[in-house]
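1. can't give you the sequence, but here's the structure:
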């Protein structure tokens, strides 16, 4: 299988980057978008993209998990770096809202929304797409990006309500399939319902997947995302791979 794009990977968390990249190439991966979560990972993503040109594409972001751990000075430093360097990336990400109770203990809904609005303004200023995290916050996240005027966006690893999925499709947004499509009912339902022209593939590595047998994911596992999505959509893998890659190239303006 050739030409797959892992549209959402945390390469800064991979211990042996050379081996990770080599395994991805051998699996037929043509490109990886390295997501940022904070200042450190954003810096690393830019460095990795220079190390693996035309294969690793950098994204700069500030994850909602991180916000509650930053003081005002650190927050401004993080946002300032994104503002100064977003033109060097292919997307703003990973950003968004997370309403898991563990996250809300350190960063409330209003604080998360305030930061997200500032980041979305940067995406508009630099004409960059957005890779959005929306765990348990699907409706609010959709409202924020629509209100901000964002036109190019992917709800990564979507597991939310069908009603919100319908709205985000109508807004022209994408969702992405992860290896959890092999077994996660809500994620499988979303992939089944989304038009194939609005579907991307990703791993979110190094997330652990599986129920009976757990494994630590890497970009080569985007093949598993493809196989699961093709089964759900009732399509052959080659056809879906071509469409998903074309979708990624279009959304992120990748030079492929």
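-> All right, it came through fine. If you're wondering where the values come from, they're calculated on a predicted model, not measured in any experiment.

2. where's residue 251 relative to residue 152, distance?
-> Going from residue 251 to residue 152 by CB to CB, to the nearest Å gives 6 Å. Using the backbone N, CA and C atoms, a C-beta is placed for each residue, glycine as well.

3. can you check residue 133 too?
-> In this structure, residue 133 and residue 152 are 16 Å apart, going by CB to CB.

4. those strands in the stretch 101-250 of the chain, which residues are they?
-> For the stretch 101-250 of the chain, the strands defined by DSSP state E, counting those that start in this stretch occupy 130-133, 153-155, 174-177, 199-201, 208-209, 215-216.

5. Let me have those in a markdown table, extended by distance to residue 35 and mean neighbour count.
-> Output for these, formatted as a markdown table (distance: least, CB to CB, whole Å; neighbours: other CB atoms under 10 Å):
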| stretch | distance to residue 35 | mean neighbour count |
| --- | --- | --- |
| strand 130-133 | 6 | 28 |
| strand 153-155 | 11 | 27 |
| strand 174-177 | 11 | 28 |
| strand 199-201 | 13 | 26 |
| strand 208-209 | 17 | 16 |
| strand 215-216 | 17 | 13 |
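
6. Adding mean pLDDT and distance to residue 72, write those strands out as TSV.
-> Below are the strands of the stretch 101-250 of the chain laid out as TSV (pLDDT from 0 to 100; distance: least, CB to CB, whole Å):
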stretch	mean pLDDT	distance to residue 72
strand 130-133	98	22
strand 153-155	98	28
strand 174-177	98	33
strand 199-201	98	35
strand 208-209	98	34
strand 215-216	98	35
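
7. would you turn those strands into JSON lines with distance to residue 124?
-> Shown next, in JSON lines, are the strands of the stretch 101-250 of the chain (distance: least, CB to CB, whole Å):
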{"stretch": "strand 130-133", "distance to residue 124": "9"}
{"stretch": "strand 153-155", "distance to residue 124": "11"}
{"stretch": "strand 174-177", "distance to residue 124": "18"}
{"stretch": "strand 199-201", "distance to residue 124": "21"}
{"stretch": "strand 208-209", "distance to residue 124": "34"}
{"stretch": "strand 215-216", "distance to residue 124": "36"}
